[in-house]
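Q: take a look and give me a structure for this.
(2 chains)
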2 protein chains.
Amino acid sequence: MQTSSLNYETIIEQKLAELSFNKAPIELYEPIRYILNLGGKRLRPQLIFIANSLFEENIEDCANAALAVELFHNFTLIHDDIMDNAPLRRGKQTVHEKWNTNTGILSGDAMLVIAFAQINKIKSARIREIYDVFNTTAIEVCEGQQFDMNYETESNVSVNHYLEMIRLKTAVLLGGSLKIGAIIGDASEKDGNTIYTFGENLGMGFQLMDDYLDVYGDPSKFGKQIGGDILSNKKTFLLLNALQMTKGEDQIQLNKWLAITDAGNTEKVKAITEIYNRCGVDQLALDKMQEYYDKAYKNLDSIDVPEHKKLQLRAFADMVSKRAK
Amino acid sequence: MQTSSLNYETIIEQKLAELSFNKAPIELYEPIRYILNLGGKRLRPQLIFIANSLFEENIEDCANAALAVELFHNFTLIHDDIMDNAPLRRGKQTVHEKWNTNTGILSGDAMLVIAFAQINKIKSARIREIYDVFNTTAIEVCEGQQFDMNYETESNVSVNHYLEMIRLKTAVLLGGSLKIGAIIGDASEKDGNTIYTFGENLGMGFQLMDDYLDVYGDPSKFGKQIGGDILSNKKTFLLLNALQMTKGEDQIQLNKWLAITDAGNTEKVKAITEIYNRCGVDQLALDKMQEYYDKAYKNLDSIDVPEHKKLQLRAFADMVSKRAK
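A: All right, here's what the predicted structure looks like:
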């Protein structure tokens, strides 16, 4: 019987708690404990277990890989929060706010090294492949963050560049986590690559849905403020397409509203949403999202294991792709 | 015949030049190229080759390990310069000065990941041991940097804590580089540990000499401003011992001068140097340094390879330990 994802969560939390960060210098290790204790859904580490369950199960190796991925992910959160000057993370003070920027930089660095140290505990004979996936993913996430920062100030960002940025910043780590789980299970190269692409496509769909929900989400279900992206002029899939598609008065109006940057302007959210509606970028986003999800399901179908082995991963894909519109 | 260290330098520069950082996003990769091109003595990567030459030579594996260590070292320079707010590195603008802090953080992160990617190119069957040494060293260097920052503001830093800090911040990376070279050469565990301790001791002696030369060095030979540590109240081996050893009027005078923090005060340098002379911390530093160098030579003697194999490493130890007093 397959271990349920509830059990995976328990294993992950247990292993995280076992990591001893209760040592000197406390200024280095306390922020690591702090950010890990802020919680989060632990999606990426769970994906390692779920992917692994399609092949030869190895809980111990998965647990170490899961910690590595979760440590890596949280390292990026600490450093990204510094770069984005973010005061809050999961409703609590960010590390650099609670301590200071230097602490954030150095604790993040230590966390990245500790992530690698976790990888080295994996006993799989295919350890070098696992390192390759982890390294490639890690460097791509850095590239994604750099593109994201660049695009904040660049005036001509194409939709394709935006899609490539979210692929690097978000999707590859889902793909990489899945692929590591598959390699631990001694999956074929082909299946390893397919499950990676599955994760990438799922991640792309998820991120596009995030863009969509920011404008069209149900305020009672969506965790963030509706229209937050509009108010901050964030170059999302919706805005970048609208900038290309609008003509005449709509184009003039869109640019006028983009020039108004005082936060909390509900009029701006309303006006830009109406422009989005008129040029149909809402449907465009849903179509593009569906395109990625369709690809993901095709990837899932083509993984060469019996269907009953895929139930958990399929359930995960359903959970992601059927997020309330 | 053993490859000379001149050849090692050539190999290192060649391999560094081969790393392709000429890609997008240029904002991420250009700073990496920039700091690597600032030069430096490439001591740590050379140590890998030299240590390896005592055992089974493997130039290819050493070259990849050498790049990893040099990339790691330069990553620490970028992030340390941000934390220390340093405007210059090797006489040129630091990365965060030339670009900005965010660029320094992210390029440094990428560099650390690329360092790990270099390790993964090492073909040695003992790759996991190499990762262990690299990980342990890397985390210790982070700890050392944290202690160093802590001690800037702590009022009661003991000499032993200071010695532990410089061990972590500086010495372990010399030891780690040597040990990696030895493992690549399939050295015994005992020899690997001995060469590590040798490097650690040599590094400790070197750092203490640095403290000494900052006050007692020949201005024409010492690269930095004489008395720089005194002017910045840096808690060096000399100051920490003087704070413990001075009594009566000297103690009052020392504390008086420490309270005067306007830079460029040659009177302060003169007065504190005289206090150092009176309580004999100059000789104490030289004695402590010699103690470390003596240990290093004993470590060198006890490595279980024929003496002629050790000539290069011995020459390196001589070069370091006979630095002009």
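
Q: which residues of chain A score low on pLDDT?
A: Chain A contains residues with pLDDT under 70 at A:1-6, A:222-223, A:263, A:324-325.

Q: residues of it that sit close to chain B?
A: Neighbours of chain B within chain A, by CB under 8 Å from any CB of the partner chain: A:24-25, A:27-28, A:79, A:82-83, A:101-102, A:105-106, A:108-110, A:112-114, A:116-117, A:120, A:127-128, A:131-132, A:135-136, A:138-139, A:142-143, A:145-147, A:149-150. To be clear about C-beta, it is placed using only N, CA and C from the backbone, and glycine gets the same treatment.

Q: what about those, which are in helices?
A: Among these, DSSP state H puts A:27-28, A:79, A:82-83, A:101-102, A:105-106, A:108-110, A:112-114, A:116-117, A:127-128, A:131-132, A:135-136, A:138-139, A:142-143, A:145-147, A:149-150 in helices.

Q: ChimeraX command to pick out the buried ones of the residues you listed?
A: To isolate the buried subset of those in ChimeraX, counting by 16 or more other CB atoms under 10 Å in any protein chain shown, use the following:
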select /A:27,28,79,82,83,101,102,105,106,108,109,110,112,113,114,116,117,127,131,132,135,138,139,142,143,145,146,147,149,150
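
Q: any idea which helix or strand comes after the host helix or strand of residue A:177?
A: Taking DSSP states H and E as the definition, one finds residue A:177 inside helix A:172-184. Using DSSP H and E, the helix or strand that directly follows helix A:172-184 along the chain is helix A:189-216.

Q: got the angle between that next one and helix A:172-184?
A: Relative orientation of helix A:189-216 versus helix A:172-184 (axes from the mean of the first three to the mean of the last three CA atoms, to 10 degrees): 150 degrees.

Q: now helix A:189-216: buried residues?
A: Counting neighbours by 16+ other CB under 10 Å, helix A:189-216 gives A:191-192, A:194-216 as buried.

Q: check contacts around residue A:168.
A: With contact set as CB atoms under 8 Å, 6 or more residues apart in numbering or on different chains, residue A:168 has these partners: A:140-141, A:143-144, A:147.

Q: torsion angles phi and psi at it?
A: Phi and psi for residue A:168, reported as degrees, to the nearest 10, are phi -70, psi -40.

Q: also residue A:99?
A: phi -110, psi -110.

Q: how far away is it from residue A:8?
A: 31 Å (CB to CB, to the nearest Å).

Q: of these two, who's got more company?
A: Higher neighbour count among residue A:99 and residue A:8: residue A:8, with 24 against 17, using other CB atoms under 10 Å in any protein chain shown.

Q: just the CA coordinates of stretch A:283-294, formatted as PDB?
A: Output of stretch A:283-294 as PDB, limited to C-alpha atoms (Å, rounded to 0.1, in the frame of the first residue of the first chain):
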ATOM      1  CA  GLN A 283     -10.200  34.000 -21.100                       C
ATOM      2  CA  LEU A 284      -6.800  34.000 -22.700                       C
ATOM      3  CA  ALA A 285      -5.200  33.300 -19.300                       C
ATOM      4  CA  LEU A 286      -7.700  30.400 -18.600                       C
ATOM      5  CA  ASP A 287      -7.000  29.000 -22.100                       C
ATOM      6  CA  LYS A 288      -3.200  29.200 -21.600                       C
ATOM      7  CA  MET A 289      -3.600  27.600 -18.200                       C
ATOM      8  CA  GLN A 290      -5.700  24.800 -19.600                       C
ATOM      9  CA  GLU A 291      -3.100  24.300 -22.300                       C
ATOM     10  CA  TYR A 292      -0.500  23.700 -19.600                       C
ATOM     11  CA  TYR A 293      -2.700  21.400 -17.600                       C
ATOM     12  CA  ASP A 294      -3.600  19.400 -20.600                       C
END
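
Q: show me what contacts the nearest residue to residue A:205 once chain neighbours are set aside?
A: Spatial nearest neighbour of residue A:205, excluding adjacent residues (CB to CB, 6 or more residues apart in numbering or on different chains): residue A:292 at 3.8 Å. Residues near residue A:292 by CB under 8 Å, 6+ apart: A:201-202, A:204-205, A:208.

Q: from residue A:180, how far off is residue A:131?
A: Residue A:131 is 10 Å from residue A:180, by CB to CB.

Q: before we move on, the earlier item: tilt between the helix or strand hosting the residue nearest to residue A:205 and helix A:189-216?
A: Assigned by DSSP H and E, residue A:292 falls within helix A:281-302. Per the same axes, to 10 degrees, the angle that helix A:281-302 makes with helix A:189-216 is 160 degrees.

Q: and helix A:281-302, what's buried?
A: Applying 16+ other CB under 10 Å to helix A:281-302 flags A:281-282, A:284-285, A:288-289, A:292-293, A:295-297, A:299-300 as buried.

Q: same check on stretch A:43-61?
A: Those would be A:43-55, A:58-59, A:61, for stretch A:43-61 by 16+ other CB under 10 Å.

Q: kindly report the same for stretch A:158-175.
A: Neighbour counts over stretch A:158-175 (16+ other CB under 10 Å) mark A:159, A:162-175 as buried.

Q: show me which of these is closest to residue A:314.
A: Using CB to CB, residue A:174 comes nearest to residue A:314 of these, at 15.4 Å.

Q: thought that closest one was touching residue A:203?
A: Yes. Contact criterion CB atoms under 8 Å: residue A:174 and residue A:203 qualify, at 4.1 Å.

Q: for residue A:111, see how far away residue A:297 is.
A: 35 Å.

Q: what do you get for residue A:229?
A: Taken as CB to CB, the span from residue A:229 to residue A:111 is 29 Å.

Q: between these two, which one's more packed in?
A: Between residue A:229 and residue A:111, counted using other CB under 10 Å, residue A:111 has the larger neighbour count: 28 against 22.

Q: now render the contacts of residue A:168 as a markdown table, adding distance to residue A:309.
A: Formatted as a markdown table, the contacts of residue A:168 follow (distance: CB to CB, whole Å):
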| residue | distance to residue A:309 |
| --- | --- |
| A:140 | 28 |
| A:141 | 29 |
| A:143 | 34 |
| A:144 | 31 |
| A:147 | 36 |
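
Q: residue contacts, the residue minimising distance to the centre of chain A?
A: Geometric centre of chain A, nearest residue: residue A:170, 3.8 Å, by CA atoms, centre = their mean. When contacts are counted by CB under 8 Å, 6+ apart, residue A:170 touches A:144, A:203, A:206-207.

Q: which pair of those spans the longest distance?
A: Every pair of the contacts of residue A:170 checked by CB to CB; the farthest is A:144 and A:206, at 14.5 Å.
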